[in-house]
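> Got a predicted model here, sequence first, then my questions.
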Amino acid sequence: MTVLEATSVTKRFGGLVAVNDVSLTVSEGEVVGLIGPNGAGKTTFFNCLTGMETPTSGRVTFRGTPLRGRPDLILKAGVARTFQNIRLFPNMTAVENVIVGRHARTSAGVLSAIGRGPRYRREERESEEVARDLLAFVGLGHVRNELAKSLPYGDQRRLEIARALATEPGLLLLDEPTAGMNPNETAAAVSLVKKIQGRGIAVVLIEHDMRFVFGLCDRVAVLVQGEKLLEGTPAEVQSDERVIAAYLGKPPEDAGPKEKKK
Amino acid sequence: MSRDLSPKSLLGVAGAVATAVACFLPWSLYAGFPGKMLNTGFPGGARMYVLLLALAAGAVLLLDPPGRVRGLRAASVWALVISLLTALLIGYAGGGLGNVAAGAWIAVAGSAALTASAYLLDASSDRDRRVWSLPDADWRMPAEIVITLAMAGLALYVFVVGLGIPTSNVASGPDHTFRDAISLNDVTNGSEFLAFLFGIIGLFLVAGRIGLTASLGAITQRRRPALVTGATLAAIAFPFTQDGSPYALRIAASIGVFAAAAVGLNVVVGLAGLLDLGYIAFFGVGAYFAAIYSGSTTSPIHVHLPFFLVIVLGALVAAVFGFVLGAPTLRLRGDYLAIVTLGFGEIFRISVNNLDGQSGPSLTNGPNGISNIPDLGLPGGFSFGDNHHLFGVPLPFQANYFFLEIVLVAAVMVAFLRLSDSRIGRAWVAIREDELAAAATGINTTRLKLLAFGLGATLAGAAGTVDAHVVKVAAPDSFTFIESTLLLAAVILGGMGTVPGALLGASVVYLLPEQLRFLHDLRLLVFGLVLILMMRLRPEGLVPSKRRQREFRERDDKSGALDPPPGAHA
């Protein structure tokens, strides 16, 4: 079943076409990689999906309902994301960061917060439990009460994922989840994404670490200069010469293919 | 640990002893100096604060707590400042330094020795500040409760003393202009208050540097019910300390209104991080609403609504103004929002100045304002305008309004505390931290910012309706830009995002200019200097929230922990 269906998404900034007629379909529980050289429009495409930018044209549906409008509405519909340059709430603790992620799934207003009835207390307790479980799930149970900004880089990335998971998404968009990570942390990220997939959440991830992408994704889409070059299984994408050309430039006519592939 | 008996330390001990003893000797041969400086055996006037600082210095020297030398420096410097200032003023007031008695000189010499010792000792040998806690025994809980209650009592005592120190008779004298601004006579009159102020600052710094403040803070935090009880009791006890005098009660009631408004502003600034420079306008809306609809003879609308209805409706009207102003402007950020709110504050003031029936509809009586707001009454015949006797203590009618203030402040505090630790409060903090990330986490940022703005306006409106009844008049002059600034200063000074901070900040910001009247026009200059000093010494505010404390003190904490022991990262 289809979770996300983006059809002919185009985003123009004045004369610059950042995303040009890109379509992408993601099925339930699938992990899809989005690769491409710097400036290819990958993050802008994510922004169009999550309401941070309004697409100039095109259509995005989530489980059949069209997505349009504000980020918080799109999140509520079930699309959560992380950011390339981590955006946590730096002066809140790890557990508070995750509890904020429950905002869209809870309903207490001003009056019930002041009144503190049984329903309010139950909701708070549930939020705390969910947050605790999710911190354990991403492996941050031991730093629950640390300030987000004092966590090491890799932990901050995982905390951002925990916060996104707290919103109960059907689709999670990860923008360079392993950027700046050492090999150990990257290996942990692989198993984390698999665990997320195991929860029945579809994942789209932007990544430059090719081993990470090809080892993890069911399908990979390649974006070059705002346009989708091709889409296919990791094996197909890996062996396609256009992808290599996009990353490394066209080889001279007489030279053989470069040894980029692993 | 071995006790430090080096010559440098012994110099300090000797200085502390000399200073302390000197405080029981006469300081002045001239009888006109405030603070009973002639008598022997009792440390009156400025001597009390020098004595406290000397004792604190001696205790710090001998008990060797963490932060010993830095604590000692704070105590000794302020003791020296007070004793030297007092000695010189006695000399001036008496007409020559011959009027300064030996006691004062001994105190100056003693505290100078103390200061010398403090700066000769090496501050880098100080151990890091730490938080003490009581041993884990059966008596720990009762002891902590007693400590918490004692803190509330101490706060009341300091408040009563600070408010009770006579500074001058300027308030009832003729208006001063800048030309006859300030004479040393005035400073002499105010010397006891200055000694009090410097003494408090000194003691506060000592307590902070040796970790006492943090330890007591931790204890009072753990004993929330005791803290609430103690604070309530202290507040209720206050009118009984005044011996029937209305002066301090009137000030205290105004502080209450001011504090309630400051807590409301804390929602907007402290939690949601929206800089509102026109907050007093919402307060003014509430005040004018109460003034117009409470049966004042000068009100153009002759409707007398019951008080409870006035509070609710006044708050709601202010809320409407908040939403109307907020809806279009809250997409602005930071500086821009500040400018718009500042403009709104001015528009409000100019509007009420002109709604006098000539340049606009007749609503506010223009610059004259609406006066003669009648006293409140309760069903059952109780009038807030009556004096009472309770437990043999005369309570002037101002005490009634003061008790009403306690209820108002308590209500506003509960609302704030519960909100700040809730789904809504966390969303506000998230917006303050990173608005884009907050939106991506499912928070409707526009709506929540509007909510913070509207709620702040509601609380200000409620406080305003009460204020109109306390001061009995609503006039445009009370709602100027400086009032907004002072409220903001109270919030920031006290500590953003905390309730005790807002209360303390409101007290300081309101009391200080009041008690500095002896400085005439210079008082605002001095007040400003004090604010700058406080922000320099304690940027996170007097009672910071844990979050802000960590934000500001991060570097201090790290400096100790930056170098891990060798081998920690193998």
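Yep, it's here. If you're wondering where the values come from, they're calculated on a predicted model, not measured in any experiment.
> can you give me the strands for the stretch 1-150 of chain A?
Using DSSP state E, counting those that start in this stretch, the strands assigned to the stretch 1-150 of chain A run over residues A:2-13, A:16-27, A:31-35, A:57-62, A:65-66, A:79-81.
> where among those strands is the average confidence lowest?
For these, the bottom mean pLDDT is recorded on strand A:65-66, which sits at a mean of 88.
> chain center to that strand, what's the gap?
Mean-position distance between strand A:65-66 and its chain equals 19 Å (CA atoms, centre = their mean, to the nearest Å).
> ok, residues contacting that strand?
A:59-60, A:77 (CB atoms under 8 Å, 6 or more residues apart in numbering or on different chains). Heads up, the C-betas are built off the backbone N, CA and C, glycines and all.
> my read is B:Ala290 is in a strand, agree?
No: the assignment for B:Ala290 by DSSP: H, G, I helix; E, B strand; the rest coil gives helix, which leaves it out of any strand.
> Any idea how many residues pack against A:Thr56?
15 (other CB atoms under 10 Å in any protein chain shown).
> what sits against it?
Counting by CB under 8 Å, 6+ apart, the residues that A:Thr56 touches are A:10-12.
> Name only those of those that count as buried.
A:10-11 (16 or more other CB atoms under 10 Å in any protein chain shown).
> need the contacts of A:Thr56 in JSON lines with distance to chain B, can you?
Below are the contacts of A:Thr56 laid out as JSON lines (distance: CB to the nearest CB, whole Å):
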{"residue": "A:Thr10", "distance to chain B": "22"}
{"residue": "A:Lys11", "distance to chain B": "17"}
{"residue": "A:Arg12", "distance to chain B": "21"}
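> Would you map out the domains in the chain?
Defaulting to chain A. Split into domains by automatic domain parsing, chain A comes to A:1-78+A:169-262, A:91-167.
> nope, chain B
Here chain B is described, according to automatic domain parsing, as comprising the domains B:7-217, B:243-373+B:401-499.
> Let's see the distance spanning the first one from one end to the other.
Here the two ends of domain B:7-217 are set 35 Å apart, with distance taken as CA to CA, to the nearest Å.
> Can you narrow the contacts of strand A:65-66 down to the ones near chain B?
Among those, none lies close to chain B by the criterion of CB under 8 Å from any CB of the partner chain.
> Top of those by number of neighbours, please.
Across these, neighbour numbers were computed from other CB under 10 Å; A:Val60 holds the maximum, 21 neighbours.
> Just say which of the domains of chain A is most tucked in.
The densest packing among these, expressed as mean neighbour count by mean count of other CB atoms under 10 Å in any protein chain shown, is seen in domain A:91-167 with a mean of 19.
> just how off-centre is it within its chain?
Here domain A:91-167 shows a centroid-to-chain-centroid distance of 19 Å under the convention CA atoms, centre = their mean.
> Enumerate the residues of the stretch 101-250 of chain A near chain B.
Among all residues of the stretch 101-250 of chain A, those adjacent to chain B (criterion: CB under 8 Å from any CB) are A:101-106, A:108-110, A:113-114, A:116, A:120, A:123-124, A:127, A:147, A:163-164, A:167.
> Comparing the domains of chain A by mean pLDDT, which bottoms out?
Comparing mean pLDDT across the domains of chain A, the lowest value falls on domain A:1-78+A:169-262: a mean of 87.
> how close does A:Tyr153 get to A:Gly141?
When distance is defined by CB to CB, to the nearest Å, A:Tyr153 is 19 Å away from A:Gly141.
> Ok, B:Gly230 next?
With distances taken as CB to CB, B:Gly230 is found 37 Å from A:Gly141.
> Then B:Ala31?
72 Å.
> Which parts of the stretch 101-250 of chain A are helices?
Ranges of helices within the stretch 101-250 of chain A are A:110-115, A:118-138, A:153-165, A:183-198, A:210-216, A:234-238, A:241-248, based on DSSP state H, counting those that start in this stretch.
> okay but B:Ser117 is in contact with B:Ser6, surely?
No: counting by CB atoms under 8 Å, B:Ser117 stays clear of B:Ser6, with 9.7 Å between them.
> Look at the two and report which has more neighbours.
Neighbours were counted for B:Ser117 and for B:Ser6 using other CB under 10 Å; B:Ser117 has more, 26 against 11.
> Distance of that one relative to B:Val77?
With distances defined as CB to CB, the gap from B:Ser117 to B:Val77 amounts to 12 Å.
> Can you tell me which of the domains of chain B is nearest to A:Arg242?
domain B:243-373+B:401-499 (33.2 Å; CB to CB).
> For that closest one, what is the distance to the chain centroid?
Domain B:243-373+B:401-499 sits 19 Å away from the centroid of its parent chain (CA atoms, centre = their mean).
> quick one: it near chain A?
Yes: shown here: domain B:243-373+B:401-499 in contact with chain A (CB under 8 Å from any CB) through B:414-415, B:418-419, B:422-427, B:429-430, B:433-434, B:436-445, B:451, B:455.
> what residue ranges in the stretch 101-250 of chain B are flagged as low confidence?
B:129, B:167-185 (pLDDT under 70).
> Tell me the helix or strand right after whichever helix or strand B:Leu80 is part of.
When secondary structure is defined using DSSP states H and E, the element that contains B:Leu80 is helix B:68-94. In the C-terminal direction, the helix or strand that comes right after helix B:68-94 (DSSP H and E) is helix B:102-120.
> May I see the buried residues of the helix or strand following that following helix?
Downstream of helix B:102-120, the first helix or strand assigned by DSSP H and E is helix B:140-164. Neighbour counts over helix B:140-164 (16+ other CB under 10 Å) mark B:144-145, B:147-149, B:151-152, B:155-156, B:159-160, B:162-164 as buried.
> that older thread, for chain B, state which of the contacts of strand A:65-66 is nearest.
Proximity of those to chain B was ranked by CB to the nearest CB; the top entry is A:Ala77 with 10.0 Å.
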